[in-house]
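Novice: What follows is a predicted structure for the sequence shown.
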Number of protein chains: 2
Amino acid sequence: MQALKDKIINEGQAIGSEIIKVDGFLNHRIDVAFMEELGREFKIRFHDASINKVLTVEASGIIVAAMTAKEFGNVPVLFAKKTAPNTMVDGFYGAEVKSFTKGIVSTICVAKKYLDADDRVLIIDDFLAHGEAALGLASLVEQAGATVVGIGAVIEKEFQGGSQKLRDKGYEVESLAVVTKIENGKISFK
Amino acid sequence: MQALKDKIINEGQAIGSEIIKVDGFLNHRIDVAFMEELGREFKIRFHDASINKVLTVEASGIIVAAMTAKEFGNVPVLFAKKTAPNTMVDGFYGAEVKSFTKGIVSTICVAKKYLDADDRVLIIDDFLAHGEAALGLASLVEQAGATVVGIGAVIEKEFQGGSQKLRDKGYEVESLAVVTKIENGKISFK
């Protein structure tokens, strides 16, 4: 998606060889109209997919997931929580996710009652790096006996291997911008 | 907002005398079309306000804030983070917020570069209870020398005193549903 690549180049910032900071439009300050564009692009990428739910994880994924859900006829969005809140009393599915950026392992969870065995779920997240978050989300879906229809990421850091890992497991993966290298402050795309 | 009260009655759940669980449409599974309705309602409530930014705190507030920002001509949304991420290298404003529900004090923060002294900010959050989150968000705005134009909450638990506290400090507060009492599983509205 050229508009996204342009935005990453113009407004993003490369930190070291692994981190892209896009908190000017995606994960701190949000450009809402652009999030709608991303939603439309995901609809194009997963055009033929029959889905009835979008799943993401708090917090940065929520707005892209919502704009994607709008394009799929306002299907519900479910966002996994990073801690089980004390209001979630009816049981939940959990999956461990290692964050390489933050250097911690956390458990993401969703309430069981919001995932059904006949659900067809599109997983959406802001970044796809090592694939840990996506695998955790897919695990939540599968614990419910539901189907992962596809996995969509706004920015994929291909060199961290997540998309290959997900495709090897049979998931359809679509990334709106695929970064092949970050070097000397320069971000290269596929 | 009658549609919201109806939705709380029909889909919400009262827990004890202080907690309303609305994770079926607002803060776990999201009804996106309804979030757009909430955004339209905030535009009506703050109709005359001149704002150029919407501020909220992760995670549940983000989608309502985004839908509100859309109504105000796609002004940027800024969401405060509950932990300072290691990609936020350029300095940030912080404010301590006590969560009565979770029983913890956390520091919310925003990157300094995304709040300017001439900003006119609308603060949006899902719940207004004791007012701690809103006060923390207002503090972030004021640390930047910017102006809090108003504070909007989807659900106010009036009996917990937050809205009065905020009005006493001179803030304009608009809540889309005002809960006066939670008793024996019944939620009463103003």
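Specialist: Sure thing, it's come through.
Novice: Tell me the secondary structure at the most centrally placed residue in chain A.
Specialist: By CA atoms, centre = their mean, chain A has its centre lying nearest to residue A:125, at 1.2 Å. Judged by DSSP: H, G, I helix; E, B strand; the rest coil, the three-state class of residue A:125 is strand.
Novice: Enumerate the residues of chain A near chain B.
Specialist: Neighbours of chain B within chain A, by CB under 8 Å from any CB of the partner chain: A:15, A:19, A:21, A:23-24, A:28-33, A:35, A:58-59, A:62-63, A:66, A:69-70, A:74, A:76-79, A:81, A:85-89, A:101-102, A:110-111, A:114. To be clear about C-beta, it is placed using only N, CA and C from the backbone, and glycine gets the same treatment.
Novice: other SSEs contacting the longest helix anywhere in chain A?
Specialist: Secondary structure of chain A read by DSSP state H shows that its longest helix is helix A:32-45. Secondary structure elements in contact with helix A:32-45, counted by 3 or more CB pairs under 8 Å, 6 or more residues apart in numbering or on different chains; DSSP states H and E, are helix A:2-11, helix A:61-71, strand A:147-157, strand A:173-183, helix B:61-71.
Novice: Quick one, which of these gets closest to residue B:7.
Specialist: Residue B:7 sits nearest to helix B:61-71 of all the helices and strands packed on helix A:32-45, at 13.4 Å, using CB to CB.
Novice: close to chain A, is the closest one?
Specialist: Yes: residues of helix B:61-71 contacting chain A under CB under 8 Å from any CB: B:62-63, B:66, B:69-70.
Novice: farthest pair in the residues you listed?
Specialist: Every pair of those checked by CB to CB; the farthest is B:62 and B:70, at 12.8 Å.
Novice: Of those two, give the one with the bigger neighbour count.
Specialist: Comparing residue B:62 with residue B:70 by other CB atoms under 10 Å in any protein chain shown, the one with more neighbours is residue B:62, at 27 against 20.
Novice: my guess is the more buried one contacts residue A:63, does it?
Specialist: Yes: between residue B:62 and residue A:63 there is a contact at 5.7 Å, judged by CB atoms under 8 Å.
Novice: what residues are shared contacts of these two?
Specialist: Common neighbours of residue B:62 and residue A:63 are listed as A:30, B:77 (criterion: CB atoms under 8 Å, 6 or more residues apart in numbering or on different chains).
Novice: helices and strands around the host helix or strand of residue A:79, which ones?
Specialist: Using DSSP states H and E, residue A:79 falls within strand A:77-80. When contacts are defined as 3+ CB pairs under 8 Å, 6+ apart, strand A:77-80 packs onto strand A:53-57, helix A:61-71, strand A:104-111, helix A:132-143, strand B:29-30.
Novice: which residues are contacting it?
Specialist: Counting by CB under 8 Å, 6+ apart, A:53-58, A:61-62, A:65-66, A:69, A:108-110, A:114-115, A:136-137, A:140, B:28-30, B:32, B:59, B:63 sit against strand A:77-80.
Novice: Run the angle between the following helix or strand past it and strand A:104-111 for me.
Specialist: Next in sequence after strand A:77-80, counting helices and strands by DSSP H and E, comes strand A:92-99. Relative orientation of strand A:92-99 versus strand A:104-111 (axes from the mean of the first three to the mean of the last three CA atoms, to 10 degrees): 150 degrees.
Novice: Next, the buried residues of strand A:92-99.
Specialist: A:92-95, A:97 (16 or more other CB atoms under 10 Å in any protein chain shown).
Novice: Same question for stretch A:108-126.
Specialist: Buried-residue list, stretch A:108-126, by 16+ other CB under 10 Å: A:108-111, A:114-115, A:119-126.
Novice: Closest one to chain B out of those residues, please.
Specialist: Closest approach to chain B among the buried residues of stretch A:108-126 (CB to the nearest CB): residue A:114, at 4.7 Å.
Novice: For the closest residue to the closest one other than its chain neighbours, list each beta-bridge partner.
Specialist: Excluding the flanking residues, the one nearest residue A:114 by CB to CB, 6 or more residues apart in numbering or on different chains is residue B:29, at 4.7 Å. Residue B:29 has these beta-bridge partners by DSSP bridges: residue A:78.
Novice: Quick check, pLDDT for residue B:29.
Specialist: pLDDT recorded at residue B:29 is 97.
Novice: what's the burial count for it?
Specialist: 21.
Novice: hang on, the earlier thing: need the helices and strands packed on strand A:77-80 in CSV with distance to residue A:167, can you?
Specialist: Written out in CSV, the entries for the helices and strands packed on strand A:77-80 read as follows (distance: least, CB to CB, whole Å):
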stretch, distance to residue A:167
strand A:53-57, 19
helix A:61-71, 20
strand A:104-111, 22
helix A:132-143, 11
strand B:29-30, 28
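Novice: Go through the ones you listed and find the least confident stretch.
Specialist: Lowest mean pLDDT within these: strand A:104-111, at a mean of 92.
Novice: circling back: out of the buried residues of stretch A:108-126, which is nearest to residue A:5?
Specialist: Distance to residue A:5 across these (CB to CB) is lowest for residue A:126, with 15.3 Å.
Novice: mind listing what the residue lying closest to the closest one once chain neighbours are set aside touches?
Specialist: Distance criterion CB to CB, 6+ apart; nearest residue to residue A:126, sequence neighbours excluded, is residue A:60 at 4.4 Å. Going by CB under 8 Å, 6+ apart, residue A:60 touches A:26-27, A:125-127.
Novice: Likewise for residue A:51?
Specialist: A:72, A:75, A:120-122, A:149-150.
Novice: can we see that at 10 Å?
Specialist: When contacts are counted by CB atoms under 10 Å, 6 or more residues apart in numbering or on different chains, residue A:51 touches A:68-69, A:72-73, A:75, A:119-123, A:147-150.
Novice: And these, which two are furthest apart?
Specialist: A:73 and A:148 (19.3 Å).
Novice: higher neighbour count, these two?
Specialist: residue A:148 (24 against 11).
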